[in-house]
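Novice: Sequence first, predicted model second:
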Amino acid sequence: MAGRLEGQIALITGGARGQGEQEARLFTAEGATVVIADVLDEQGEAVAADLDQCTYAHLDVTDADAWASLVTSMLDDHERIDVLINNAAIYHNDPLAETSPDDYRRVIEVNQTGVFLGMRAVAPAMTAARSGSIINLSSGAGLRGATGRIAYAASKWAVRGMTKVAALELAPFDIRVNSIHPGPIATDMLQLSPDVVADPEAAMQRVPLGRFGSPEEVARMALFLASDESSFSTGAEFVLDGGTTI
């Protein structure tokens, strides 16, 4: 039986570990050819070597020329790009008054500008093909306020807004653009949260479902959005947070 992404070509940023790695593993298992892109070369190459139909590419998501080069290379190799997952992100936690301009700009450059550049880079090829699915990883912090996360929340709210604009602009070409909003997911990034560092058990109990999510659960949502099963969904927010934003 064919997989849900049989024959699809997918580009996943931040694919060397965490959510991006699990997306790559699930997508290849479902028949997709995957390029994972990251700056963590050793980890990314190891993931790609462990999977069929998967290659690794170094990519600084803040570099427009690097995006253009990678997309050109993928089109030369595969002739199209069917799915883009903008997964790459960094985290910073400091109160407003203690967040330096440099720290703020660094988070915005990766989390916000990186998503903009990714969508901009693949849009012409998807438009020419008149099909595609772009999946932007936002956060629960892109749906509500988040104490101590002025830069992170700003970037994730921006991803939410950019997703809606791109969805409107690209809908005439049958390109769907949606955002995923994970809550506390058991990845390395979660261990940077002061609440989790201070008392992991208490932090877990604040989640209505009583546990942290898994990267595999995020990957399954991404699979749904990449597949034809979500063919009438665009500009929408898909929340995986165990009820945290209720």
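Specialist: Ah, there it is. Numbering: from 1, shown residues only.

Novice: Next, count neighbours for A46.
Specialist: Neighbour count for A46, taken as other Cβ atoms under 10 Å: 14. Backbone N, C-alpha and C define where each C-beta goes, glycine included.

Novice: does it sit in a helix or strand, and which one?
Specialist: helix 41-49 (DSSP states H and E).

Novice: where does the protein dip in pLDDT?
Specialist: Within the chain, the ranges that satisfy pLDDT under 70 run 1, 188-194, 196-199.

Novice: out of all of them, which strand in it is the longest?
Specialist: If you go by DSSP state E, the chain has its longest strand at strand 175-182.

Novice: re the thing from before, after the helix holding A46, which helix or strand is next?
Specialist: Next helix or strand after helix 41-49 toward the C-terminus (DSSP H and E): strand 54-58.

Novice: so what strands line up beside that next one?
Specialist: Partners of strand 54-58 in the sheet, by DSSP bridges, are strand 33-38 (parallel).

Novice: can you list contacts of the helix holding A46?
Specialist: In this structure, residues lying in contact with helix 41-49 by Cβ atoms under 8 Å, 6 or more residues apart in numbering are 15-17, 21, 24-25, 36-38, 54-56, 58.

Novice: Write a PyMOL command that selects only the buried members of these.
Specialist: Remark: buried members of the contacts of helix 41-49, expressed as a PyMOL selection using 16 or more other Cβ atoms under 10 Å:
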select buried, resi 15+16+17+21+24+25+36+37+38+54+55+56
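
Novice: Tell me the strands beside the longest strand of the chain, with direction?
Specialist: Strand 175-182 has these strand partners (DSSP bridges): strand 132-137 (parallel), strand 237-240 (parallel).

Novice: wait, what's in contact with the spatially most central residue of the chain?
Specialist: Centroid-nearest residue in the chain, with Cα atoms, centre = their mean: N87, separated by 2.2 Å. Contact analysis of N87 by Cβ under 8 Å, 6+ apart lists 12-15, 19-20, 23, 137.

Novice: Before I go, just wanted to say thanks for your time.
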